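**Q** quick one: sequence plus predicted model below, questions after.
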Amino acid sequence: MFLSTSTTPNEPNVMIPAQKRKVVVFSGGSAANSLVDEFNEVIEKNNCALTYVIPISDNGGSSSELIRVFGGPGIGDVRTRLVRLIPHTHTNILNLFNHRLPPSPEPAAAEFLTLLTGTSPLYDAIPTPQAMLIRAILSHLHLEILKRNRPPTSTFNFQSASIGNLFLTGARLFSGSVESAIYLLAIMGGVDESKTAVLPAIVSNFSHHISAGLADGSVIAGQNAISHPSEPTALNSNPSGDQADHASIMLNGINHTIEDATLPGSLPTLRHAAIAFSKASEEPLPARIERVWYINPYGQEMRPPPNPKVLEAIGAAEAIIYSIGSLYTSIVPSLILQGVGESIARSNGARFKILLLNGSLDRETGGFSALDFVAAITRAGEESRGHTFQSSESVDENLWSQYVTHLIHLEGQSVPRVNKEELAKWGVECVRLYGRKAGDGVTKGYFDRLKMP
């Protein structure tokens with residue numbers, strides 16, 4: 001796909017090395033992590049530089065507690081990608097940043113103290129200068145936690161906290177820059193950013209949340225509520241004993257005597273910490289998602305600009321890839337940012353705009369076909385350019401090829417339906433691959449053995 005040939009009078013059909021090509025991958029966190037090795041193989045074989053663009057709107061898991069107490073971006077997906085890129089030469093750093101504290105608050109807090117004192121076995125074999133720097137960052141975070149604690153009504157919950165997330169937050173608070181925090185983790189982990197860069201879709205010290213509008217007219221606020229039904233775990237909604245006097249004002253399930261990083265009057269769904277939720281069991285949405293947009297803490301729509309480096313990467317890219325993952329919470333939040341759709345649609349250099357079709361449908365895409373995926377990406381890009389649509393209005397199919405030129409899909413029972421003829425009619429070429437076979441001989445929709453062309 002990325003190699004070029006050239007002929008000369010003296011040496012016909014001589015293969016010449018391609019110049020440093022650039023690839024942009026739009027993705028979320030966990031799902032696309034399974035393709036990191038394949039993407040690494042592509043850039044090595046074709047002398048490419050690759051840029052991952054990852055949204056910061058995730059407000060679930062341990063990130064939700066950091067957002068509740070400190071505000072700031074949801075950095076969980078950025079962290080998972082950075083850690084996945086850490087080479088085997090830095091295994092001990094990888095293990096530390098990938099480690100999670102115990103799932104109960106008291107043991108989790110106790111283990112965090114061992115990281116502060118330097119007695120944690122996670123520091124074994126980590127060079128002393130790096131270990132001391134990590135301890136310093138975590139100590140700074142701990143100081144900020146203590147300043148914000150309001151016992152007994154509000155204390156920081158270390159339950160299931162990712163050390164990488166804690167480190168990135170501490171580094172951001174220390175430096176005042178999320179980009180500096182990402183750089184520090186990357187450089188300590190030995191990630192070669194000249195080959196592979198990880199860009200947050202938005203550069204900000206503030207939280208950015210999304211809402212989804214459904215076909216039945218209802219609206220869901222907050223990424224975690226869109227993707228995964230969850231139960232708040234960090235706040236005590238039913239105080240008893242001595243806590244009752246301190247936590248007596250309850251409204252919409254929120255304890256309003258608790259101080260946190262959210263503004264007064266913020267939507268209750270954005271104030272809840274959602275540390276515990278299940279990715280395995282998903283309740284279906286009551287209706288199909290039609291649109292996703294950014295909101296302020298009060299639920300009002302806003303149109304934030306992207307990280308300027310994202311636009312630069314798109315402008316220099318020869319290939320743009322929409323990776324597997326949650327369509328509306330991993331891919332679309334980056335595409336609807338101001339200027340992103342314009343950059344993709346008008347990019348003269350990006351000859352390949354490739355959609356990796358999910359191997360199965362999830363809560364966000366129940367009943368979708370490949371046509372629906374392409375239409376959703378196109379609509380997001382057009383909304384980024386300021387175009388508005390009525391609730392049930394479909395996007396013009398003539399625009400599809402401005403955003404997607406190739407669709408790569410697996411062969412399997414769980415794969416969304418692919419109408420090759422209809423896609424080809426609108427300029428989208430389909431490429432079929434074969435997924436991994438299970439023990440029963442049935443081909444499943446997994447990309448974990450994908451070898452990119």
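**A** Cool, the structure landed.

**Q** checking the residue nearest to Pro73 when sequence neighbours are not counted next. Helix, strand or coil?
**A** The shortest distance from Pro73 to any non-neighbouring residue, by C-beta to C-beta, 6 or more residues apart in numbering, is to Ile56 (3.6 Å). For every residue, glycine as well, the C-beta is placed using N, CA and C. Of the three states, Ile56 takes coil under DSSP: H, G, I helix; E, B strand; the rest coil.

**Q** give the buried residues for stretch 222-230.
**A** Neighbour counts over stretch 222-230 (16 or more other C-beta atoms under 10 Å) mark Gly222, Gln223, Asn224, Ala225, Ile226, Ser227, His228, Ser230 as buried.

**Q** residues in contact with it: which ones?
**A** 57-61, 64, 74, 209-212, 220, 267, 269-270, 272, 274, 276-279, 282-283, 289, 292, 326, 328-329, 333, 363-364 (C-beta atoms under 8 Å, 6 or more residues apart in numbering).

**Q** ok, back up a step: could you dump the buried residues of stretch 222-230 into CSV and include distance to Asn348 and pLDDT?
**A** Shown next, in CSV, are the buried residues of stretch 222-230 (distance: C-beta to C-beta, whole Å; pLDDT from 0 to 100):
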residue, distance to Asn348, pLDDT
Gly222, 38, 91
Gln223, 33, 92
Asn224, 38, 89
Ala225, 39, 89
Ile226, 35, 92
Ser227, 35, 86
His228, 39, 76
Ser230, 43, 52
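
**Q** which members of the residues you listed occur in helices, if any?
**A** Mapping the buried residues of stretch 222-230 onto helices (DSSP state H) picks out Gln223, Asn224, Ala225, Ile226, Ser227.

**Q** now tabulate the residues you listed in JSON lines and tack on distance to Pro297.
**A** What follows is those, written out as JSON lines (distance: C-beta to C-beta, whole Å):
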{"residue": "Gln223", "distance to Pro297": "14"}
{"residue": "Asn224", "distance to Pro297": "15"}
{"residue": "Ala225", "distance to Pro297": "15"}
{"residue": "Ile226", "distance to Pro297": "17"}
{"residue": "Ser227", "distance to Pro297": "20"}
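
**Q** domain ranges for the protein, per the record?
**A** 21-74+191-453, 87-190 (automatic domain parsing).

**Q** now do the last one: distance to the chain's middle.
**A** In this case it means domain 87-190. A distance of 20 Å separates the centroid of the chain from that of domain 87-190, by C-alpha atoms, centre = their mean, to the nearest Å.

**Q** can you give me the end-to-end span of it?
**A** Taking C-alpha to C-alpha, to the nearest Å, domain 87-190 runs 7 Å from one end to the other.

**Q** just to revisit the earlier point, nearest to Gly349 among the buried residues of stretch 222-230?
**A** Gln223 (31.4 Å; C-beta to C-beta).
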